[in-house]
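Trainee: Sequence first, predicted model second:
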Amino acid sequence: MSKGVSKVAFPILTAWVVFLSLLPFLWIFITSVKSEIDITSIPPNIIPSFSLYFYKSAILNYNIFHYLKNSLIVAATTTFITIILSVFSGYALSRSGLRHKNVILGSLLLVSMFPQISIAGPVWRILYNLEWLNTYQGLILPYVTLTLPLGVWIMTSFFNELPEELEKAALVDGCSNIQTLFKIMIPLSAPGVFTAAILVFIYAWNEFFFALLIMTQREYQTLPVGIALFQGQYTIPWGEISAASVIATVPLVIIVFIFQKRIISGLSAGAIKG
């Protein structure tokens, strides 16, 4: 009897958790397709009028695609640099034979756990001295620094699970160390590369604190900052903010749907291999 109840209760509980997780985004989407009258109505209208007015306003009046372009440049460049460095660093740590490489990996993760506010002052001062405030590279540098520990950890774990005999066989066949890395090791660790890349991209796309601190000029502001600074004449433009939030979320949803198999295989492989 208990097994039968669990078989029924588990799907219901799962569906309920999924619904609660999606509820904020669902509410934002409903708000984004309401009319101006529906947004201020009391009690609120659950069924929207399906108007695209706020999407047009976010595009034409608030230039949401400008922020979208900035976020895409910053997130894509951060991901590219972080993955390149993570692959080389992870491979070096995996094959270095160091006794205390686990201590190094643990230290990397420990450093990445520092609260952002605790390093905000030094980061701002460094970028100020470099004259990198309100520049793409000024935001990319902290992002690479913050995401690199996770990338190195993931890539090291995957390289550790690949047998060294594959490299020895490649070297016997005449491959150099670099050729072995790019022709054999990286293709075999593709799930780890995709997993790390997606996680880094999502972080850089959604990050708000450093983007707000470093990008004070509208020309270089990313989506989270641009949306947060939407201004109305008399009230907060909730409709435009909701529409812009949906536009900002759609690219992440598309990326996850396209690469979901690789992401799942990467995460599950790491979980199984320990």
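Mentor: Yes, it's here. On a predicted model such as this, the values are computed, not experimentally measured, just so you know.
Trainee: can you give me the helices for the stretch 51-200 of the chain?
Mentor: Taking DSSP state H, counting those that start in this stretch to define them, one finds helices in the stretch 51-200 of the chain at 53-60, 64-95, 101-112, 116-130, 136-160, 164-172, 177-180, 186-188, 190-206.
Trainee: The following helix or strand past the last one packs against which elements?
Mentor: Put plainly, it is helix 190-206. Tracing the chain C-terminally past helix 190-206 and defining elements by DSSP states H and E, one meets helix 209-214 next. Counting contacts by 3 or more Cβ pairs under 8 Å, 6 or more residues apart in numbering; DSSP states H and E, the secondary-structure elements packed against helix 209-214 are helix 116-130, helix 136-160, helix 223-228. (C-beta placed from N, C-alpha, C; glycine too.)
Trainee: try it again with 10 Å
Mentor: The criterion is 3 or more Cβ pairs under 10 Å, 6 or more residues apart in numbering; DSSP states H and E, and the helices and strands that helix 209-214 contacts are helix 64-95, helix 116-130, helix 136-160, helix 223-228.
Trainee: Need the helices of the stretch 51-200 of the chain in CSV (columns: mean neighbour count, distance to Val17 and mean pLDDT).
Mentor: Listed next are the helices of the stretch 51-200 of the chain as CSV, based on neighbours: other Cβ atoms under 10 Å; distance: least, Cβ to Cβ, whole Å; pLDDT from 0 to 100:
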stretch, mean neighbour count, distance to Val17, mean pLDDT
helix 53-60, 18, 30, 92
helix 64-95, 20, 28, 93
helix 101-112, 13, 28, 80
helix 116-130, 13, 29, 92
helix 136-160, 22, 25, 91
helix 164-172, 12, 41, 82
helix 177-180, 13, 45, 82
helix 186-188, 14, 35, 86
helix 190-206, 21, 21, 90
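Trainee: Which of the ones you listed sits closest to Phe19?
Mentor: Nearest to Phe19 among the helices of the stretch 51-200 of the chain is helix 190-206; the distance by Cβ to Cβ comes to 22.2 Å.
Trainee: Pick out the residue nearest the middle of this protein.
Mentor: In the chain, the residue lying closest to the centroid (Cα atoms, centre = their mean) is Ile202, at 1.2 Å.
Trainee: That residue contacts Val256, correct?
Mentor: Yes. With the criterion set as Cβ atoms under 10 Å, Ile202 and Val256 qualify as a contacting pair; they are 8.5 Å apart.
Trainee: returning to what we had before: so who does the residue nearest to the centre of the chain touch?
Mentor: Shown in contact with Ile202 (Cβ atoms under 10 Å, 6 or more residues apart in numbering): Ala75, Thr79, Thr147, Leu252, Ile255, Val256.
Trainee: and the closest residue to Gln231 other than its chain neighbours, what is it in contact with?
Mentor: Spatial nearest neighbour of Gln231, excluding adjacent residues (Cβ to Cβ, 6 or more residues apart in numbering): Pro237 at 7.4 Å. Pro237 makes contact with Glu36, Ile39, Phe54, Ser57, Ala58, Asn61, Tyr62, Phe230, Gln231, Ala243, Ala244 under the criterion Cβ under 10 Å, 6+ apart.
Trainee: Please report how far the residue lying closest to the fourth one once chain neighbours are set aside lies from Pro251.
Mentor: In space, not counting the residues next to it along the chain, Ser57 is nearest to Glu240; the distance is 5.1 Å by Cβ to Cβ, 6+ apart. Separation of Glu240 from Pro251 (Cβ to Cβ, to the nearest Å): 18 Å.
Trainee: Compare the two (neighbour count), which wins?
Mentor: Each of Glu240 and Pro251 has its neighbours counted (other Cβ atoms under 10 Å); Glu240 has more, 24 against 16.
Trainee: returning to what we had before: among the contacts of Pro237, which ones are buried?
Mentor: Buried positions within these, assessed by neighbour count (16 or more other Cβ atoms under 10 Å), are Ile39, Phe54, Ser57, Ala58, Tyr62, Phe230, Ala243, Ala244.
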